[in-house]
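Enquirer: sharing a model prediction with you, sequence too.
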Amino acid sequence: MPEKSPIVKVVKKCAPAVVSIIIAKNLPKLENFPDFSPFLPFNFDPKELYKQIPPEMFDEHGRVKIGGGSGFFISEDGFVLTNKHVVVDPKADYTVVGSGGKKYHAKVVARDPINDIAILKIEGKNLPYIELGDSTNLDLGQTAIAIGNALGQFQNTISSGIISGLSRHITAQAGVDGQQQELRGVIQTDAAINPGNSGGPLVDINGKAIGINSAVVFGAQNIGFAIPVNAAKKALADIKKYGRIRAPFLGLRYILIDPVLKMRHNLPVDYGAMVVPEATPGDYGVLPASPAEKAGVLEHDIILEVDAKKITKDLPLSDVIQNHEVGDKLRLKILRRGGKEIDATVVLEEMK
């Protein structure tokens, strides 16, 4: 007798909408290899490159498969939600493989400049899709189900668990180039998330997506992270309205002050965001022609509050900006050199 678990019902509902994403690139043309290079063996033959690659690593167009991930349909006309780090390479080609094995060429519509989110589009209609839920009212301990292309080969792998933590802050590797990305406000779950699961949905017991599986802690058990789905809802709304993701922009480089930094540098306060340039020569703390410059913010200013909320490690300036829209006005309380407090109003612009 078939099991009546509610998880089985959710899986049957959601699994057909989960896809694999294949990343492929053309190898360099053989004629582009130099006749001689001091970094290659004397008798090097570039044709040997092709002989050493297993046939299954080539797609039907002769491109080499260099990676993969997961995603899921969020509309019946072919919009696919995934992680930005899955489709980070602008020179690669992306193929979406549906649950029935059908392949579609995918176009990257947008990569979120802030969150680890990307939206793809394939040509199709009447496709199965997963409804986006609400990630603002999650409870610790509620059921979470992860679906994805585990290890790049086990399509529609299911794992279940609970929401283990909310609003986590982690640093994760973003893509094959090894670059690090700060992920804030992410969902922690003990549902198994493996390499290749990236971009797949984290769904609730009602079969609605509450997150996009994004990262796993290696060397630990049952610790995975997902991007809250509400960030993707905002990105999708921007794309449908403007044709792109609009990210609010202030135009500052800064460091967050805490009690340790205050003591080390003899600062007047133990909280706030101090405007400072990076170490690169010619860099700016306040970017020219930015909203911050137009509002009169200066280097070495300390932004104490935004809209009467203190800027701290728990509420950094970047989080405040992300929670607003392009065109919003923010009231800043600033501590200037000499101990003078001033107020300023800044209007957020679109990040270019």
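Expert: Everything's here; your move.

Enquirer: confirm residue 13 sits in a helix?
Expert: Yes - Residue 13: assigned to a helix according to DSSP: H, G, I helix; E, B strand; the rest coil.

Enquirer: how near is the residue nearest to it when sequence neighbours are not counted to residue 156?
Expert: The shortest distance from residue 13 to any non-neighbouring residue, by C-beta to C-beta, 6 or more residues apart in numbering, is to residue 207 (4.5 Å). For glycine as for every other residue, the C-beta is placed from the backbone atoms N, C-alpha and C. Note on residue 207: its distance to residue 156, by C-beta to C-beta, to the nearest Å, is 14 Å.

Enquirer: residue nearest the centroid of the protein?
Expert: What sits nearest the mean C-alpha location of the chain, by C-alpha atoms, centre = their mean, is residue 116, with 0.2 Å.

Enquirer: which helix or strand contains it?
Expert: Following DSSP states H and E, there is no helix or strand that holds residue 116.

Enquirer: chain center to the longest strand along the chain: distance?
Expert: Secondary structure of the chain per DSSP state E: the longest strand is strand 154-173. Here the centre of strand 154-173 is set off from its chain's centre by 14 Å, with C-alpha atoms, centre = their mean, to the nearest Å.

Enquirer: that strand packs against which elements?
Expert: On a contact count with 3 or more C-beta pairs under 8 Å, 6 or more residues apart in numbering; DSSP states H and E, strand 154-173 meets helix 6-14, strand 18-25, strand 143-150, strand 180-189, strand 209-216, strand 224-228.

Enquirer: residue 88 is in contact with the residue nearest to the centre of the chain, correct?
Expert: No - between residue 116 and residue 88 there is no contact under C-beta atoms under 8 Å: 9.6 Å.

Enquirer: and residue 125, backbone torsions?
Expert: phi -150, psi 160 (degrees, to the nearest 10).

Enquirer: OK, contacts around it?
Expert: Each residue near residue 125 by C-beta atoms under 8 Å, 6 or more residues apart in numbering is listed here: 76, 77, 78.

Enquirer: do you know how far the first one is from residue 191?
Expert: I take that to be residue 76. 27 Å.

Enquirer: of these two, give the one with the bigger neighbour count.
Expert: For the pair residue 76 and residue 191, the greater number of neighbours falls to residue 191 (23 against 13), based on other C-beta atoms under 10 Å.

Enquirer: can you give me the helices in this protein?
Expert: Here the chain has its helices, by DSSP state H, at 6-14, 47-51, 229-242, 259-265, 291-294, 317-322.

Enquirer: name the helices or strands packed onto the longest one?
Expert: In this case it means helix 229-242. strand 79-82, strand 103-111, strand 118-121, strand 209-216.
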